Each structure stands twice: as structure tokens, then as C-alpha cells.
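Colleague: With the input below, show me the fold.
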Amino acid sequence: MVSQEQRRRQLAREKFLRQQQRRTSARRKARVRNSVIASALGVVIIGSLALYTTGVLKGDDSKNAGAEVTPSAPAKAKDPCEKPAEGKVKTTTWKKEPELTVDKSAKYTMKLATTCGDIDIALKASAAPHTVNSFDFLAGKGFFDHSKCHRLTTANIYVLQCGDPTGTGTGGPGYTIPDENLKDKSLKNNIYPAGTVAMANTGQKNSGGSQFFLVYQDSQLPPSYTPFGTVSESGMKVLKKIADAGESTGQGDGAPVATVVINKATVTKS
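Modeller: Numbers count the residues shown, from 1 in each chain. Next up is the predicted model:
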């Protein structure tokens with residue numbers, strides 16, 4: 001007859017084995033998920049665009065297709081950002097790219113007034129006129145207002161992805177714009193340097209829409225994502241605050257812990 005103590009030990013062993021099985025299964029699922037993310041991110045930023053058509057960066061593509069993303073520790077930081085301003089995201093879309101009216105010889109800046117602070121971006125109108133023209137058009141229509149930055153990547157590539165009114169990684173303006181400026185002098189050795197603002201895409205040529213990503217730390221990516229702006233020094237501090245709060249899944253790729261909402265986006269010509 002089994003004693004009470006023996007029975008207790010047997011139950012403890014069985015509980016331990018069940019826990020180990022669950023952990024093994026969870027790790028296996030995480031590896032499969034990360035492998036899918038890495039190959040889609042080989043589109044990123046850049047995979048959600050398959051950011052744009054389906055959701056820098058598919059808007060969602062990682063640096064090496066098939067590369068496994070190293071999980072980060074579960075985010076424990078508190079939300080460092082403020083509550084969003086009142087208002088609703090607009091759902092208007094357009095059938096074709098807006099007429100090219102941007103002045104290539106002028107200077108353009110974009111300000112993202114977010115719940116975490118203002119992010120100022122110097123735009124490259126002469127090098128990426130279609131992209132800057134599209135952002136000027138969309139910002140003027142209030143397309144980005146009240147939208148969430150839905151993705152933060154903290155492993156292998158280091159980007160915050162925004163520009164999808166649906167917040168799912170699948171939204172866009174209804175049209176696509178051509179790739180531009182892929183030989184920008186800032187892109188050396190397949191590195192998108194910290195401060196770069198670039199377009200997310202589906203992994204196909206000329207598939208950018210409205211989703212874009214902001215690089216907060218040097219990230220290795222193929223030169224397939226239109227670099228069209230540079231974040232200011234003060235804007236980089238805002239990005240660091242967002243990145244330091246972490247992402248919500250603990251896997252290195254997910255929604256940011258910080259509530260990053262673009263209250264207002266404006267493009268100014270000078």
C-alpha cells in the first residue's frame with residue numbers, strides 16, 4: 001500500500017513533468033512563431049505589410065529570412081506615456097497615389113505629436129519625392145491622427161512601426177507608392193542607422209503604403225525599405241523611452257508596452 005508521503009511525492013513528480021511538458025511545448029511554439037516572424041520580417045518591418053497589404057514593417061520584415069529571433073525578457077516596465085487625445089481614427093482610403101506636387105528643392109519636416117512626446121522628422125523630399133508627397137497628402141487628410149504605433153521590435157532589428165489606422169499591421173491608404181532612395185549614402189553594409197525613418201512593405205517591389213518604421217538602434221536589414229527621413233535628437237529620446245518600456249509579448253516582436261498613439265501628424269514645408 002502506498003503511503004501518504006509516497007503518494008505526495010508521486011503527485012509532485014507528475015506535476016513537475018506536466019510543467020516541463022508545457023514549457024517544452026511553449027518553447028517549440030515560440031521557435032515556430034519566431035521563425036515565421038523572421039522570414040516575414042525578412043519583409044519586416046515590415047511583415048505586417050504584408051505590413052500594408054495584409055500588416056520597417058509589411059509593413060514588417062526582419063533582417064534575415066529564416067533567422068530565429070532571440071526572445072527578450074518579459075516586459076515589466078510601466079506605461080511611460082500619456083492618455084491619447086480624444087478623437088477617432090479615419091478610415092478613408094484612395095484608389096490611386098496622390099498627384100505629385102511636392103517641391104523637391106524645399107525642406108519638409110514631419111511632426112508626430114504622440115502620447116509619449118513629439119517626434120520631429122526631417123524629410124528627404126529630393127531623394128524620395130513620391131514618399132514625402134504621400135505623407136504630406138495623408139497628414140493633411142488627418143489619416144495618421146489617433147492611430148497607434150502597433151509594433152515594437154527589440155531583437156535583431158530595433159524599430160517602432162506606425163502608420164496603420166487599423167492598428168493591426170494590415171491597414172493602408174488604398175494605394176501603393178514606388179520604392180525610392182534605396183542607395184542612400186546612410187545605408188552602409190545593410191545597416192539602417194538609428195534615427196532612420198523608412199517605409200514598411202510587403203516584401204514585393206513598390207508595395208509601400210502608409211506604414212513606416214522608426215529605427216531607434218542600428219538595425220541590419222536589406223536595402224529594400226525606402227529611407228525618407230531622419231529623427232531629431234529630441235525625437236530619439238522619445239523613441240528610447242518607448243523602447244525601454246519594452247514590447248508586450250516578451251518574444252522581441254509585438255505591441256509596445258507604451259501606449260504610443262499619434263495624436264496629430266503634420267508635415268510642414270520651409
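Colleague: Please make it C-alpha for all contacts and neighbour counts, starting now.
Modeller: Fine.
Colleague: where does the protein dip in pLDDT?
Modeller: 1-77 (pLDDT under 70).
Colleague: residue ranges for the helices of it, please.
Modeller: Taking DSSP state H as the test, the helices found in the chain are 4-41, 129-140, 233-245.
Colleague: Which elements pack onto the last one?
Modeller: What that stands for is helix 233-245. With contacts taken as 3 or more Cα pairs under 8 Å, 6 or more residues apart in numbering; DSSP states H and E, helix 233-245 sits against strand 117-123.
Colleague: Quick check: residue 227 touching residue 195?
Modeller: No: if you go by Cα atoms under 8 Å, residue 227 and residue 195 don't touch, sitting 10.4 Å apart.
Colleague: Any buried residues in stretch 151-161, and which?
Modeller: For stretch 151-161, a neighbour-count test (16 or more other Cα atoms under 10 Å) marks 151-161 as buried.
Colleague: swap that for stretch 107-116, sorry
Modeller: Residues of stretch 107-116 classed as buried: 108-116 (neighbour count, 16+ other Cα under 10 Å).
Colleague: ok, now stretch 135-151?
Modeller: Residues of stretch 135-151 classed as buried under the neighbour-count rule (16+ other Cα under 10 Å) are 135-139, 142-151.
Colleague: go on, stretch 176-193?
Modeller: Within stretch 176-193, the residues that count as buried by 16+ other Cα under 10 Å are 176-177, 179-182, 187, 191-193.
Colleague: need those in CSV with distance to residue 127, can you?
Modeller: Putting the buried residues of stretch 176-193 into CSV (distance: Cα to Cα, whole Å) gives the following:
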residue, distance to residue 127
176, 18
177, 14
179, 11
180, 7
181, 6
182, 9
187, 13
191, 18
192, 16
193, 17
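Colleague: out of those, which one sits closest to residue 88?
Modeller: residue 176 (23.8 Å; Cα to Cα).
Colleague: Help me confirm that the closest one comes into contact with residue 205.
Modeller: No: the pair residue 176 and residue 205 does not pass the contact test of Cα under 8 Å, sitting 10.2 Å apart.
Colleague: out of the buried residues of stretch 151-161, who's nearest residue 248?
Modeller: Using Cα to Cα, the buried residues of stretch 151-161 come closest to residue 248 at residue 152, 8.8 Å.
Colleague: Identify the residues contacting the residue nearest to that closest one when sequence neighbours are not counted.
Modeller: The spatially closest residue to residue 152, leaving aside those adjacent along the chain, is residue 160, at 4.6 Å (Cα to Cα, 6 or more residues apart in numbering). Taking Cα atoms under 8 Å, 6 or more residues apart in numbering, we find residue 160 in contact with 149-153, 213-216, 239.
Colleague: Residue 160 and residue 113: what is the separation?
Modeller: Distance, residue 160 to residue 113, by Cα to Cα, to the nearest Å: 15 Å.
Colleague: Using CSV, lay out the buried residues of stretch 151-161 together with distance to residue 130.
Modeller: Below are the buried residues of stretch 151-161 laid out as CSV (distance: Cα to Cα, whole Å):
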residue, distance to residue 130
151, 24
152, 26
153, 27
154, 30
155, 31
156, 29
157, 26
158, 26
159, 23
160, 22
161, 20
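Colleague: farthest pair in the contacts of residue 160?
Modeller: 150 and 216 (15.3 Å).
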